[in-house]
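In: Let me see the structure of the following:
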Amino acid sequence: MTNHNLLPTDERFEQIKERLLDVVAADDRRRTRKHRLIAIGVAGAIVAGTTGAAIAIALASQGRINYETDCYAAADLGSRHGSSVPVTADLGEKTPTPLSERIRLAEDMCAATWRIGTFSPEGSSSTAEYPVPHLETCQLPDGRLAVFPSDQALGELCSRLGLTIPHE
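Out: Prediction:
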């Protein structure tokens, strides 16, 4: 059985109700502000992360620019390809290698890839030697070099592929 003497009066009940609604409203405002700040923080982190990733993707490290080359099976960015790096390469290198040396190294590595038959239908061989097509070198957007078999002029080839002629 309920003791009605312990219950608040109607006037006191209205005061409690108003105070409770004020507290709930204040909590909602705080929670909304907190969620808004969290959402802004998350959005900021996403923007910073994607910007950082885009910058990291946009330009390879100097060591990779110096030594890593993509060798293509055809004059097409969608063709089979592989990356070549000399065994002695220092990918942590900070000093740029002269462009002429980079191009020579890139074309030598890709010629070796062709010579062992990597791009032949039969696959590579340690005994047979395969012909090496005329190779041309373009520069990828991240600064590394890409070598393609092509009889086209270098400027025409690189332009058709959306790449640039190698430059420092």
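
In: only C-alpha atoms for contact and neighbour calcs from this point on.
Out: Will do.

In: Need the per-residue pLDDT for L145.
Out: On pLDDT, L145 comes in at 94.

In: List the contacts of it.
Out: For L145, the residues meeting the contact criterion (Cα atoms under 8 Å, 6 or more residues apart in numbering) are 65, 68-70, 103, 106, 137-139, 166.

In: Ramachandran angles for it?
Out: With angles defined as degrees, to the nearest 10, L145 shows backbone torsions of phi -100, psi 150.

In: the strands in the chain, which residues?
Out: 69-72, 81-84, 135-139, 145-149 (DSSP state E).

In: Distance to L157 added to the contacts of L145, as TSV?
Out: Rendered in TSV, the data for the contacts of L145 read as follows (distance: Cα to Cα, whole Å):
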residue	distance to L157
I65	21
E68	20
T69	17
D70	15
I103	16
A106	17
T137	9
C138	8
Q139	11
P166	12
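
In: among those residues, which ones are buried?
Out: In the contacts of L145, burial by neighbour count holds for 65, 68-70, 103, 106, 137-139, 166, counting by 16 or more other Cα atoms under 10 Å.

In: separation between R115 and E129?
Out: When distance is defined by Cα to Cα, to the nearest Å, R115 is 5 Å away from E129.

In: between these two, which one's more packed in?
Out: With other Cα atoms under 10 Å as the criterion, R115 and E129 differ in neighbour count, and R115 comes out ahead with 20 against 13.

In: What score does the more buried one have for pLDDT?
Out: R115 carries a pLDDT score of 91 in this model.

In: what about the closest residue to it other than its chain neighbours, how many neighbours?
Out: Residue nearest to R115 in three dimensions, not counting chain neighbours: Y130, with 4.7 Å by Cα to Cα, 6 or more residues apart in numbering. A count of neighbours around Y130, defined by other Cα under 10 Å, yields 18.

In: again with R102
Out: Using other Cα under 10 Å, R102 has 20 other residues around it.
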